[in-house]
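Asks: my questions are about this predicted structure, shown below with the sequence.
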Amino acid sequence: MKIPTIEALLFIAACVPGFNVSAQEEERSWQLGIALGQGSRDNPLINGEAIDINAVIDFSWYGEKFFFDNGDLGFTFLEERNWAFSLIATVNNERNFYNYLTGRQLSLGSLLENNFSFGSSITSSTDGTTVIDPETGKITINAPPPDLVSDSINITDLNKETELPDRDFALNGGIEFLYISPLGDIQAQVLTDASSTHDGQEAWLSWSYPWFTHNGQFNLTLGAEWKSADLITYYYGVSEDESFIGRPAYESGAGTNTFIRFSARHALTDHWHLAGVVEREFLSSAIRNSPIASSSRVDTWFLGLYYSF
């Protein structure tokens, strides 16, 4: 079992519903809590493992203008009683999926193990070639035509078993809008890649409706997240250098994911709560059509005991 990265923990922490606080806590500018339990987040990549989640740290701090809320660093520049505009910086969580891959590195050895029928001549372009650069050690594979590939090979299995090249973190910056009303809360974000990792953009829009019981709270959230072509191509695309027979090159267009989330909490004492969240995210066709994607949705759930300090 792998330990989830900070992005996964922050994602769950952001989903955990807010708690009623005492008068003393209302005077504090910070909130700290920890949840221990069991949870999981699906990995849509073709050779990805689900992300186990057993501990979640929930931390937020709000000053007069600046704030930090579970991974979002912000500055509120315009605020009224029930709405606010803020500048925010946050980390893109798409990179997290690449920490949970189980495939093998693409190499001559892995291809031979899978009984690929390469021609005997290293210079032949018709039989398929494997060229190793003596200076860099880089392996370049020119795949043979389909009719020269051994019938015992399942190219879909090769795609599943071959490790994906790594992707980097991206630091997003942009603007956030929050609006609170009796009909529900609206959150909107427009972000761009400030780190020049993929030079893409994304936009988030969600509606949440909370309702309360004597010692608990439920929250329903509906939302959509638009991702630009540059962002999706970077995390879900396949470049020419990464492609081979069974994994064609893929350059995506923009796409919009949608999701539905339900979260709940029940107070056991002043500090102990039972908390849970379930979410289903429906991936856009731009992601689903990628040869390295194996699922049309991402399910997330967590159930545990939450302690607020």
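Replies: Here it is on my side, so go on. Model, not experiment: these values are computed from the prediction.

Asks: would you list every one of the strands in the protein?
Replies: Using DSSP state E, the strands found in the chain span residues 30-41, 51-62, 66-69, 72-79, 83-91, 129-132, 139-142, 171-181, 184-193, 201-212, 216-227, 255-267, 272-282, 297-308.

Asks: the second one to strand 30-41, inter-axis angle?
Replies: For strand 51-62 against strand 30-41, the angle between stretch directions is 160 degrees (axes from the mean of the first three to the mean of the last three C-alpha atoms, to 10 degrees).

Asks: relative to strand 51-62, what are the paired strands and their orientations?
Replies: In the sheet, strand 51-62 lines up against strand 30-41 (antiparallel), strand 66-69 (antiparallel) (DSSP bridges).

Asks: so which bits of the shortest one are buried?
Replies: Going by neighbour count (16 or more other C-beta atoms under 10 Å), the buried part of strand 66-69 is 67, 69. In this view, the C-beta of every residue, glycine as well, is placed from N, C-alpha and C.

Asks: repeat for the first one
Replies: Burial within strand 30-41, assessed by neighbour count using 16+ other C-beta under 10 Å, is assigned to 31, 33-35, 37, 39-41.

Asks: quick one: that strand to chain centroid distance?
Replies: Relative to the centre of its chain, strand 30-41 is centred 18 Å away, using C-alpha atoms, centre = their mean, to the nearest Å.

Asks: ok and that strand relative to strand 272-282, angle-wise?
Replies: Using the same axes, to 10 degrees: strand 30-41 against strand 272-282 is 50 degrees.

Asks: pLDDT of strand 30-41, averaged?
Replies: Strand 30-41 carries an average pLDDT of 91.

Asks: and that strand with strand 297-308, angle?
Replies: Put simply, strand 30-41 runs at 140 degrees to strand 297-308, going by the same axes, to 10 degrees.

Asks: mind checking pLDDT for Leu111?
Replies: At Leu111, pLDDT is 38.

Asks: hmm, back to that, distance to Ser290 for the strands of the chain - can I get that in TSV?
Replies: Formatted as TSV, the strands of the chain follow (distance: least, C-beta to C-beta, whole Å):
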stretch	distance to Ser290
strand 30-41	19
strand 51-62	19
strand 66-69	32
strand 72-79	28
strand 83-91	22
strand 129-132	26
strand 139-142	20
strand 171-181	21
strand 184-193	19
strand 201-212	17
strand 216-227	12
strand 255-267	10
strand 272-282	15
strand 297-308	14
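
Asks: of all those, which lies closest to Tyr98?
Replies: Among the strands of the chain, strand 51-62 comes nearest to Tyr98, with 11.3 Å by C-beta to C-beta.

Asks: export only the CA atoms of that closest one, formatted as PDB.
Replies: Backbone C-alpha positions of strand 51-62 (Å, rounded to 0.1, in the frame of the first residue of the first chain) are rendered in PDB as follows:
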ATOM      1  CA  ILE A  51      -5.000   5.900  -4.000                       C
ATOM      2  CA  ASP A  52      -5.500   4.600  -0.500                       C
ATOM      3  CA  ILE A  53      -6.400   7.400   2.000                       C
ATOM      4  CA  ASN A  54      -6.100   6.700   5.700                       C
ATOM      5  CA  ALA A  55      -5.300  10.100   7.300                       C
ATOM      6  CA  VAL A  56      -6.400  13.600   6.400                       C
ATOM      7  CA  ILE A  57      -5.100  16.800   7.900                       C
ATOM      8  CA  ASP A  58      -7.600  19.800   7.700                       C
ATOM      9  CA  PHE A  59      -5.900  23.200   8.300                       C
ATOM     10  CA  SER A  60      -7.100  26.700   7.400                       C
ATOM     11  CA  TRP A  61      -6.100  30.200   8.500                       C
ATOM     12  CA  TYR A  62      -7.800  33.400   7.700                       C
END
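
Asks: name the residues of it that are buried.
Replies: Buried residues in strand 51-62, counted by 16+ other C-beta under 10 Å: 51, 53-54, 56, 58-60.

Asks: kindly report the same for stretch 274-286.
Replies: Neighbour-count burial for stretch 274-286, counted by 16+ other C-beta under 10 Å, picks out 274-279, 281, 283-284, 286.

Asks: which ones are touching Asn289?
Replies: By C-beta atoms under 8 Å, 6 or more residues apart in numbering, Asn289 lies in contact with 250, 252.
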